[in-house]
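1. Model the following, please.
(one chain, ligands or ions: 1)
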Amino acid sequence: MSIKEIAWLAGLLEGEGCFGTIKHTEYIKKYPIVRLAMTDRDIVEKAANLLKVNLLGPYKRQSQNGEIWKSCWAMNICGNRAAGIMMTVLPLMGERRSLKIREILSLWADDRRRCVKCGLLVGPKKYRCNECRIIYRREYNKALHSPMVKSGRKRKRL
Ligand SMILES: [Zn+2]
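-> So this is what the prediction gives:
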C-alpha cells in the first residue's frame, strides 16, 4: 500500500470501521478483528482490494416496521493481519480509536493460555497446568502399559 492509500484507509476506518476482538477458548489471547460495513459498494470494494480480502454482500436490510433499506456491503479481517492493519493506521487515528486499538493490540500480544483441563492460567506454549500434566502423564503411561496395547504390540511382532 502507498502512503496515500494508507491515509485513505485510515480515514475510512476512523469514520466507518469497527475494531474489536474475538475470544479464543483456551487462550487468554484475544484476536483482533477489523470490520467495515457500508451501503457504498465501491468504497468497501476499494478497501477490500487494498487489503486483499473478499467483498461480502450485498446484505439486505430492513427496519423494524418492514421498510426496506439500501443493501449493505462488508469486509472483515481477523487475526495477525488485522493486528498489522491496526498497527499501520494507529498513528493516523483519533484519540478514541487509538485507545481502543492499543487495548486490542495488548490483548493480542498476551500469549498466556489456560490449562485445557481445568482452566487455570498457565505460561506461554503450555497446554496443561502442572497438576493436570502429572495426571495426564500417569494416565498416558497406564494406557501405554495396559494389556490391550501389549497384546497389540505382540500381534504386530508376530
Ligand atoms: Zn489444569
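
2. Tabulate the CA atom coordinates of the one helix or strand A83 maps to in PDB.
-> In the assignment (DSSP states H and E), A83 maps to helix 80-89. In PDB, the C-alpha atoms belonging to helix 80-89 read as follows (Å, rounded to 0.1, in the frame of the first residue of the first chain):
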ATOM      1  CA  ASN A  80      -2.500 -11.300  12.700                       C
ATOM      2  CA  ARG A  81      -3.400  -9.400   9.500                       C
ATOM      3  CA  ALA A  82      -5.900  -7.300  11.400                       C
ATOM      4  CA  ALA A  83      -3.300  -6.500  14.000                       C
ATOM      5  CA  GLY A  84      -1.000  -5.500  11.100                       C
ATOM      6  CA  ILE A  85      -3.600  -3.100   9.800                       C
ATOM      7  CA  MET A  86      -4.200  -1.700  13.200                       C
ATOM      8  CA  MET A  87      -0.500  -1.000  13.700                       C
ATOM      9  CA  THR A  88      -0.300   0.600  10.300                       C
ATOM     10  CA  VAL A  89      -3.200   3.000  10.800                       C
END
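
3. In terms of secondary structure, what does it contact?
-> Contact here means 3 or more CB pairs under 8 Å, 6 or more residues apart in numbering; DSSP states H and E; on that basis helix 80-89 packs against helix 3-16, strand 30-38, helix 95-109. Where C-beta positions appear, they are placed from N, C-alpha and C, glycine not excepted.

4. Of all the ones you listed, which one is nearest the ion?
-> Proximity to the ion, assessed across those by CB to the ion, is greatest for strand 30-38 (21.0 Å).

5. helices or strands up against that closest one?
-> Using 3+ CB pairs under 8 Å, 6+ apart as the contact criterion, the neighbours of strand 30-38 among helices and strands are helix 3-16, strand 17-23, helix 41-51, strand 68-78, helix 80-89, helix 95-109.

6. contacting residues around T39?
-> T39 sits next to 69-73 when contact means CB atoms under 8 Å, 6 or more residues apart in numbering.

7. residues near R41, how many?
-> Other residues lying near R41 total 14 when counted by other CB atoms under 10 Å.

8. Let me fix that, I meant to ask about I104.
-> Neighbourhood size, I104 [other CB under 10 Å]: 21.

9. Over to E16?
-> As a measure of burial, E16 has 15 neighbours, counting by other CB under 10 Å.
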